[in-house]
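>>> Let's see this in three dimensions:
(4 chains)
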Protein chains: 2
Amino acid sequence: MDNKTHILNCALTLFANKGYDAVGVQEIVDTAGITKPTLYHYFGSKRGLLDALVARESTSLFTAIGSSAVYNGNILMCLRGVASGYFKFALNNKEYYRLQLAMWFSGKNSETLEAIFPSLEQQHRMLEEIFIKASIDHGNMKGRHKLYSATFLGTINTYIGLALNSDLVLDDQLIYKAVHQFMHGIFS
Amino acid sequence: MDNKTHILNCALTLFANKGYDAVGVQEIVDTAGITKPTLYHYFGSKRGLLDALVARESTSLFTAIGSSAVYNGNILMCLRGVASGYFKFALNNKEYYRLQLAMWFSGKNSETLEAIFPSLEQQHRMLEEIFIKASIDHGNMKGRHKLYSATFLGTINTYIGLALNSDLVLDDQLIYKAVHQFMHGIFS
DNA sequence: TTTTATCTATACCGTTCGGTATATTACGGG
DNA sequence: CCCGTAATATACCGAACGGTATAGATAAAA
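Predicted structure coming up:
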């Protein structure tokens, strides 16, 4: 594993466990077994390190989900695929998913929200596209794609949050149930 | 308004908008128009300030919700009351609710999670009691009170999160729908 | 072999961090 | 009127902050 990757991995663990602002650059380089100039050579700044980390991980997220997130005429099946993709990614990247949630809920004027915002927007766009296309087949869904994508992602994150605390096991049955519950909310 | 309250209010705004770790003590006292020794006279430490803030606001939360959160034989009505209480509190205390969410999702080893943990636990206990009592009338709910309280609060927070971003209006109709959707998930 | 670009370490920068020693003010009770 | 306590300010502490100037190492290219 090259040095850059190793630094990113160390930073991820620290950020996820203590929070971005609570971790000092010195702590990161000590953990990674390097010195400051090395880090600044690769990433330019602490913020640059965070941006690089988010870029790497969110690319991985979209790779894992992208193929499922295409509307194929069956909204239920499609959402089940997306939910399954999210669950799998979150469980395979627990630290990053925790960090993403923390950044999402961080203050409006915080650097961390600014850093995660593009990835969040892209996730919403991806979901909205599904609901827009689905509304061609399901008229009563028309014009609500923003609301649907937000509540759907919120529901997913609720379950992932529970699973990250080991209060819940994310199996196929749960995916089925979560999506069913979500769709029932739409059609009733 | 006395000085102590004024300092707490200033700290709340700063913490909610920038994050606890990203706000310095100097910034707080400048905003409040005081000096450091005054703050340390009242609160002892930065952490003491956060604890005092959480204590004040979470007391206010339980005051707002407590009366609704008593099972009265009608689980649907009860949950509607709780949801309504949460929504009202969150909209009347937007900054604190945002801060609470941020602290909830902050890293496992972070000071902020430690500070909010008791309040979160109390909220869960309150909800679990409802579901335990309700399971006497509804046998199929038995033994799932932890899961139910977690997903119910998760659902509520999803909607509050959307409302705090002005993507949603939290009216009575939405409460009805959210609780109905939640109960449908339980009984199906 | 010399050159050039990449990578890394030593040592340091000014600033801000959370926190405090000391002194002064304000004020109510004896 | 003096005394004690609570409240506030000035000025400062050592440590940690994010970041960098400089130079030595390394290795591929010329």
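
>>> Now do residue A:18: how many residues are near it, please.
Residues lying near residue A:18 (other C-beta atoms under 10 Å in any protein chain shown) number 20. Quick note: C-beta positions are derived from backbone N, CA and C, even for glycine.

>>> separation between it and residue A:136?
For residue A:18, the distance to residue A:136 equals 47 Å [C-beta to C-beta, to the nearest Å].

>>> can you check residue A:126 too?
Applying C-beta to C-beta, the value for residue A:126 to residue A:136 is 17 Å.

>>> again with residue A:176
Per C-beta to C-beta, residue A:176 is found 25 Å from residue A:136.

>>> who's more crowded, those two?
Each of residue A:176 and residue A:136 has its neighbours counted (other C-beta under 10 Å); residue A:176 has more, 14 against 11.

>>> before we move on, what SS does that one have?
Assigned by DSSP: H, G, I helix; E, B strand; the rest coil, the conformation of residue A:176 is helix.

>>> Remind me what the top helix by length along chain A packs against, helices and strands.
With DSSP state H setting the assignment, residue counts place helix A:111-137 as the longest helix in chain A. Counting contacts by 3 or more C-beta pairs under 8 Å, 6 or more residues apart in numbering or on different chains; DSSP states H and E, helix A:111-137 packs against helix A:46-66, helix A:75-92, helix A:94-104, helix A:145-164.

>>> check whether that helix contacts DNA strand D.
No - shown here: helix A:111-137 not in contact with DNA strand D (C-beta under 7 Å from any atom of the strand), separated by at least 10.3 Å.

>>> list the contacts for residue A:28?
A:7, A:10-11, A:14, A:39, A:49 (C-beta atoms under 8 Å, 6 or more residues apart in numbering or on different chains).

>>> of all these, which two lie farthest apart?
A:14 and A:39 (12.4 Å; C-beta to C-beta).

>>> Please tell me how far residue A:118 sits from residue B:129.
Taken as C-beta to C-beta, the span from residue A:118 to residue B:129 is 42 Å.

>>> What's the per-residue pLDDT of the residue in chain A that DNA strand D sits nearest to here?
Residue nearest to DNA strand D within chain A (C-beta to the nearest atom of the strand): residue A:24, separated by 2.4 Å. pLDDT, residue A:24: 97.

>>> what's the answer for residue A:107, then?
If you check residue A:107, the pLDDT there is 89.

>>> Okay, and it sits in which element?
Per DSSP states H and E: residue A:107 is located in neither a helix nor a strand.

>>> Kindly report the same for residue A:16.
Using DSSP H and E, residue A:16 sits in helix A:3-18.

>>> So that helix, near chain B or not?
Yes - Helix A:3-18 lies within reach of chain B by C-beta under 8 Å from any C-beta of the partner chain, at A:15-18.

>>> Mark which of these are buried, thanks.
A:15-18 (16 or more other C-beta atoms under 10 Å in any protein chain shown).

>>> now, which of those sits nearest DNA strand C?
DNA strand C has its nearest neighbour among those in residue A:18, at 14.4 Å by C-beta to the nearest atom of the strand.

>>> contacting residues around that closest one?
Applying C-beta under 8 Å, 6+ apart, we find residue A:18 in contact with B:107, B:109-110.

>>> go on, residue A:128?
Residues near residue A:128 by C-beta under 8 Å, 6+ apart: A:145-146, A:148-149.

>>> Residue A:1 and residue A:48: what is the separation?
Taking C-beta to C-beta, one finds residue A:1 at 20 Å from residue A:48.

>>> So these two - more neighbours on which side?
Using other C-beta under 10 Å as the criterion, residue A:1 and residue A:48 rank with residue A:48 on top: 13 against 7.

>>> do you know how far that one is from residue B:179?
Residue A:48 is 46 Å from residue B:179, by C-beta to C-beta.

>>> so what secondary structure elements neighbour the helix or strand of chain A with the lowest mean pLDDT?
Ranking every helix and strand in chain A by mean pLDDT, DSSP states H and E puts helix A:172-187 at the bottom, with a mean of 88. Applying 3+ C-beta pairs under 8 Å, 6+ apart, we find helix A:172-187 packed against helix A:75-92, helix A:145-164, helix B:172-187.

>>> Now the longest helix of chain A: buried residues?
For helix A:111-137, by 16+ other C-beta under 10 Å, it's A:111-113, A:115-116, A:119, A:123-124, A:126-128, A:130-135.

>>> Just want the angle from that helix to helix A:3-18.
Put simply, helix A:111-137 runs at 90 degrees to helix A:3-18, going by axes from the mean of the first three to the mean of the last three C-alpha atoms, to 10 degrees.

>>> hmm, back to that, ok, of the contacts of residue A:18, which come out buried?
When these are checked for burial by 16+ other C-beta under 10 Å, the buried set is B:107, B:110.

>>> out of the contacts of residue A:18, which one sits closest to DNA strand C?
Nearest to DNA strand C among the contacts of residue A:18, with distances taken as C-beta to the nearest atom of the strand, is residue B:110, at 13.9 Å.

>>> Which residue, neighbours along the chain excluded, lies closest to that closest one?
Nearest residue to residue B:110, sequence neighbours excluded (C-beta to C-beta, 6 or more residues apart in numbering or on different chains): residue A:19, at 4.9 Å.
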